[in-house]
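Q: can't give you the sequence, but here's the structure:
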């Protein structure tokens, strides 16, 4: 890892405070891959939940209804819960960065705020709606059009999914940019 002073000499005119050494090493690289993987799987899963909830609103006679039924089979969405590993791996990345990054860095704090918002939306709105969709689909989806509670929960899941995908995009820009 090149010291910041060498970087400052190589980039004249750039304030030294704006320069950061880039962490290297196998451990850091593995942790970074895992951090990104868990973020993509977690946020991807909540995105797919919104997509499938949108498809569920078309009813049991629509094309792809069997795939929707399989997606909403009863059980915990463990792929979505992989979101909980993201900050843990982020803190491991900070520890493995050889002091290049700190828990107090603005991008880390902002990333944690975004992650907390995402988890609160998922736990308070999306995942309960997903569980209710699972119950309704298992109980009586074949009876006809998805009206009433099922339609309402599907709408809620679609809206929350969109919010979570927007949070993911913002967090990705923030983590790559590291302002």
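A: Happy to help now that I have it. Everything numeric in this text was worked out from a predicted model, so none of it was measured.
Q: grab the nearest non-local neighbour of the most centrally placed residue in the chain.
A: Nearest residue to the geometric centre of the chain (CA atoms, centre = their mean): residue 43, 2.9 Å. Nearest residue to residue 43, sequence neighbours excluded (CB to CB, 6 or more residues apart in numbering): residue 168, at 3.8 Å. C-beta coordinates here come from the backbone N, C-alpha and C atoms, glycine included.
Q: how about residue 154?
A: Nearest to residue 154 is residue 53, by CB to CB, 6+ apart, at 4.3 Å.
Q: separation between the closest residue to residue 74 other than its chain neighbours and residue 50?
A: Spatial nearest neighbour of residue 74, chain neighbours left out: residue 134 (4.8 Å); criterion: CB to CB, 6+ apart. Remark: distance between residue 134 and residue 50 (CB to CB, to the nearest Å) = 15 Å.
Q: so for the residue nearest to residue 43, what's the pLDDT?
A: If you check residue 168, the pLDDT there is 95.
Q: how far away is it from residue 46?
A: Distance of residue 168 to residue 46, computed by CB to CB: 8 Å.
Q: before we move on, the earlier item: look at the residue nearest to the centre of the chain and give its secondary structure.
A: Three-state call for residue 43 (DSSP: H, G, I helix; E, B strand; the rest coil): helix.
Q: what's the answer for the one 10 residues further on, then?
A: Following three-state DSSP, we place residue 53 in the helix state.
Q: measure it to residue 130 for me?
A: Residue 53 is 8 Å from residue 130, by CB to CB.
Q: overlap in contacts of these two?
A: Residues touching both residue 53 and residue 130 (CB atoms under 8 Å, 6 or more residues apart in numbering): 153, 157.
Q: and the residue nearest to residue 43, how many residues sit next to it?
A: Residue 168 has 21 neighbours, counted by other CB atoms under 10 Å.
Q: residue 125 now?
A: Neighbours of residue 125 using other CB under 10 Å come to 17.
Q: ditto for residue 163
A: Residue 163 has 17 nearby residues by other CB under 10 Å.
Q: likewise the one 10 residues further on?
A: When neighbours are defined as other CB under 10 Å, residue 173 has 10 of them.
Q: per-residue confidence at it?
A: Residue 173 is given a pLDDT of 95.
Q: tell me which element residue 58 is part of?
A: Using DSSP states H and E, no element contains residue 58; it sits outside every helix and strand.
Q: roughly how far apart are it and residue 24?
A: 50 Å.
Q: same check, this time on residue 89
A: Taking CB to CB, one finds residue 89 at 18 Å from residue 24.
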